[in-house]
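Visitor: With the sequence up front, the predicted model follows.
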Amino acid sequence: MEKKVEEEQKSTGEEKYLEPLSSQEKSLDDVVKETELGYGGGIIVDEAFLGKSIESVLLAIQEQPLSKTLIIAPVLSMSQWEEDIAKLSKAKVFVFDDGCKVEDLTAFDFVITSHATVKRGYKTVCCPHCHKLLSSVKPQHFCDKHRDIKKKGKTIGPLHSTEWERVFLDEGHLLEGGDQAIFALKAKFRWILTSRLYTDHLYPLLRFLQTDPYSLHFCLDCKCNCADLGFWTKCPTCRHKSSDRHSHWLEKYKFQGGIATCLTDLCLRPSKGSLSLKSAFPPSYVTVRRDDPTKAEKKMYKQLKSFINKEFAAYFQDESLMENYARIHCLINRLKQASMHLDLVDLSDFCGICGRASQEAIVLPCTHIYCRDCLFRVYPCALSASAARSCCPTCGVTFKRNLLLHASLKGKRKPDKAEDTNSIILRSSCTKIEALREEITWMLGTDESAKAVIFSRYKSFLELIERQLTKSGLRCVKLSESADGKAALQRFKEDGQCKILLTTFEIVGDLLDLSVASHVFLMDPGWNPITDRQALARVQTVRQSKPTRMVKFISKGTIEEKIIDVLQEKQNTLAGVDDYCSSIEKLTEEEMGFLFSD
């Protein structure tokens, strides 16, 4: 492996002090005042992960005696809610799951459940007038005397039949417009907890908060309004047709600017100085580490890039770049994988002659791969039974017909005894994994109790990292969304010998507390820099007592460096744009050309 270039202590240009995000200076008292203004709740946008769960628990326990509070959170975050409640109060906590009854909820102050449990308990939409399932109600007449009384509807589940004082919805940005089970919960106050807020995804949030008038549908011919139109052919109030007689909230309010004033009052963005529990945040450092790939990795990357450039050039000549936008993103992902690890790249999809993907690929003894049609065009007799020796168009090695191998059988070929197995052993590791190993060695040498979280956007790469670190004697756990993932998270927090947690950005929830770790390693760059900030923020929480450090790994001379350049240019151009998250992920034709240039 060639000498690495590390920029942690040698360069000050890439390393910088990162302050936690802050915006509006609002305290817990301000949050309480918002509930008294008539909105009945609000949206806590904790972009810096400063402890929105703690703020929520403090809000719920300030009134004595305690009223019933429902918390809807991801499965992996439910245990963190239990810990926060136990630390801040002596309230009784119950974890609600399928099969529980209403009687199980009476003796508890806090009830914690998951999104899926709420949806399974609701089954389907209930009629707001007769409280029967709509499957037993004739839609064209809604209910009243036209309801078929012979068909008995099922009773409402425990969660929906309970009158809650407060409902906290964690990861509210995942709420969809059709989540009727969440909308139907009965509560005096409603709160949404999230780390991100999208301007094109506001209506489900306002619908859950029951904000008047922004969550309502208005009739164009009269002054009636309703929150649920459902699939009924007539409005339940004025009997007008819902298809052409009601206007959406966007048509009546968003474009008039009234929604901006509403969001100013509803959205609360806590900062360091606004927390009810004062704590000193330790410093955080971000380092970009650039490493030179090995000669084998450079050769493989260059070969794959030549194949991909041919396909990109074809799209460019046909002026069909935007029509093949999804395919171009796939090509970019292939180049990213090639810059990370050789085993993530399957060159059997690319022909060495035309450079395009092929379903009928032929593998030569020299391991070069070609389309069957392309090879027949170059050597018309190569595939015939009477073919003499031919040579590879790339390396010139001669071959016979009986030595050709179909790509689908390539994995079944047994290696030759004389084959050099050292290259296979070397391919089990890579430049990034070796650089990661160096960083972990430095981390443990500095602090034996330190732990780290490794992020990657590719699960297959995490498996390769786990295999190599395990060989080095390090105990690792990989986080998943299943019940095993909950056990893995518990082991990472409690086992002092378990030093490494491997996960992806999609699995780790907004509320998941990883403050037991003090180091974050990002193995590949993404298109949204906000996710990188949030990865560090999951470690630098109000519970963190150590300085935190994040290292971003970049392969020199690859598409990863160009992605960083494109993102930097976009950040400078899109600064101040409202829809920043979605705008920065869109590529123009000029940016595509830059990414695929030599």
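Guide: Cool, the structure landed. Since we're looking at a predicted model, the values are computed, not measured.
Visitor: do you know how far Ile85 is from Ala107?
Guide: Going from Ile85 to Ala107 by C-beta to C-beta, to the nearest Å gives 15 Å. (Each C-beta comes from the backbone N, C-alpha and C, glycine too.)
Visitor: ok, and the closest non-adjacent residue to Ser597?
Guide: Lys562 (8.0 Å; C-beta to C-beta, 6 or more residues apart in numbering).
Visitor: wait, what's in contact with that neighbour?
Guide: Phe594, Leu595, Ser597 (C-beta atoms under 8 Å, 6 or more residues apart in numbering).
Visitor: how far away is the closest residue to Arg538 other than its chain neighbours from Ser53?
Guide: Nearest non-adjacent residue to Arg538, counting by C-beta to C-beta, 6+ apart: Leu514, 4.8 Å away. Distance, Leu514 to Ser53, using C-beta to C-beta: 14 Å.
Visitor: Please apply the same query to Tyr315.
Guide: Remark: distance between Tyr315 and Ser53 (C-beta to C-beta) = 47 Å.
Visitor: Pick out whichever of the two has more residues nearby.
Guide: Ranked by neighbour count (other C-beta atoms under 10 Å), Tyr315 and Ser53 place Ser53 first, with 27 against 20.
Visitor: And for the more buried one, nearest residue in space, chain neighbours not counted?
Guide: Nearest one to Ser53, counting by C-beta to C-beta, 6+ apart, is Asp84 at 5.0 Å.
Visitor: Report pLDDT for the nearest residue to Phe110 once chain neighbours are set aside.
Guide: Leaving aside its sequence neighbours, Phe110 sits nearest to Val93 (C-beta to C-beta, 6+ apart; 4.6 Å). On the pLDDT scale, Val93 is placed at 88.
Visitor: How many residues are close by Val93?
Guide: 17.
Visitor: which residues touch it?
Guide: So Val93 contacts Glu82, Ile85, Ala86, Phe108, Asp109, Phe110, Val111, Ile112 (C-beta under 8 Å, 6+ apart).
Visitor: hmm, back to that, got the phi/psi numbers for the residue nearest to Ser597?
Guide: Main-chain dihedrals, Lys562, degrees, to the nearest 10: phi -70, psi -30.
Visitor: Please report how far it lies from Met592.
Guide: Lys562 is 11 Å from Met592, by C-beta to C-beta.
Visitor: swap in Asp495?
Guide: Distance of Asp495 to Met592, given as C-beta to C-beta: 46 Å.
Visitor: higher neighbour count, these two?
Guide: Shown here are Asp495 and Met592; by other C-beta under 10 Å, Met592 has more neighbours (21 against 12).
Visitor: In terms of helices and strands, where is that one?
Guide: helix 589-595 (DSSP states H and E).
Visitor: Buried residues, that helix. List them.
Guide: Glu591, Met592, Leu595 (16 or more other C-beta atoms under 10 Å).
Visitor: List of residues touching it?
Guide: Here helix 589-595 has contacts from Phe312, Phe316, Leu321, Met322, Ile328, Ile332, Ile559, Lys562, Ile563, Asp565, Val566, Leu587, using C-beta under 8 Å, 6+ apart.
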